[in-house]
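S.K.: Here's my sequence, what's the structure:
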Amino acid sequence: MEKIYTIPVNESFDECAADRSLGCPFCRLYEKLENNELDLILGASMMEPDVRQKTNELGFCHSHYDMMFVRKNRLGMALTMESHLDVIRSAFESGGFLRPAGAGVSELIKKLDLSCYVCGRIGYSLKKMIENAVYLWETDSGKREKPFEEKIKNQPYFCLPHYRRFIESGRERINKKKFPAFNTIVTDVVTAYFDTLRADISWFCKKFDYRYEEEPWGNSKDAVERAIIFLKGKEKQ
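M.R.: Residues are numbered from 1 along each chain as shown. Below you'll find the model as predicted:
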């Protein structure tokens, strides 16, 4: 297990436990990774030959193009696009779709529709961080004091996509006899939030009934926004 991920994982779990408005600790990690990658790609990494080769090949998803665009480094973005466009244009020199070799153009465009340099980098690191969180729980499991297990219990929630990945990673890595305990601890956090959120959504709906219009909103005003994040997480799709 790569220990370089231990510090950011612990930090994220600590931050989300201290400020419950931050939500899922893996979403928190995703956002930090995303900001870091975007800063790098428009900064120090932009001119590195190995990085440029990858961005030329993979490009970026629409969401990350948009995020790069508003970061006010138009020149950096234009330079990456210039060489990326050159790679695509060279594929058309074979005659595009008008010649048999044009099948290669079709495959290239299909690949670009599904690829993003930033998404790939984040995906790799986040996978390792989820695995590291499983490792931290497992190393706690045989001890009287279990600091990371307590951190899991103190989380506001895990969004459903990251809950699935956390549980699946645990199933792959944890001893079969220990896995049910891990599953219960993580699932209890999710179901507790699930029930609270469901109640908030229900109250939000009732507030549009004239019979309840004078009643306080409670915690339901942002229930729809919170439900979207809980259901889908914050990762770009």
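S.K.: Please enumerate the strands of this structure.
M.R.: Chain-ordered strands for the chain, with DSSP state E as the definition, do not occur.
S.K.: What are the boundaries of the helices in it?
M.R.: Ranges of helices in the chain, per DSSP state H, are 6-18, 25-41, 49-58, 62-69, 74-92, 103-114, 117-140, 147-153, 160-173, 179-206, 223-232.
S.K.: Please name whichever of the ones you listed is nearest to Pro216.
M.R.: Taking C-beta to C-beta as the criterion, Pro216 comes closest to helix 179-206 out of the helices of the chain, the separation being 9.5 Å. Where C-beta positions appear, they are placed from N, C-alpha and C, glycine not excepted.
S.K.: In the protein, what helix or strand scores lowest on average pLDDT?
M.R.: Counting by mean pLDDT, DSSP states H and E, the chain has its least confident helix or strand at helix 103-114, which shows a mean of 79.
S.K.: Contacts only, for the nearest residue to Glu215 once chain neighbours are set aside.
M.R.: Taking C-beta to C-beta, 6 or more residues apart in numbering as the measure, Glu215 lies nearest to Lys207, with 7.1 Å between them; neighbours along the chain are not counted. Contacts for Lys207 (C-beta atoms under 8 Å, 6 or more residues apart in numbering) come out as Glu213, Glu215, Trp217, Ser220.
S.K.: same check, this time on Leu126
M.R.: Taking C-beta under 8 Å, 6+ apart as the test, what Leu126 contacts is Phe26, Leu29, Tyr30, Leu33.
S.K.: same thing but at 6 Å, please
M.R.: Neighbouring residues of Leu126 by C-beta atoms under 6 Å, 6 or more residues apart in numbering: Tyr30.
S.K.: now it: how far from Ser90?
M.R.: 33 Å (C-beta to C-beta, to the nearest Å).
S.K.: quick one: contacts for the residue most central in space within the chain?
M.R.: In the chain, the C-alpha nearest the mean C-alpha coordinate belongs to Glu235, at 3.6 Å (C-alpha atoms, centre = their mean). With contact set as C-beta under 6 Å, 6+ apart, Glu235 has these partners: Tyr30.
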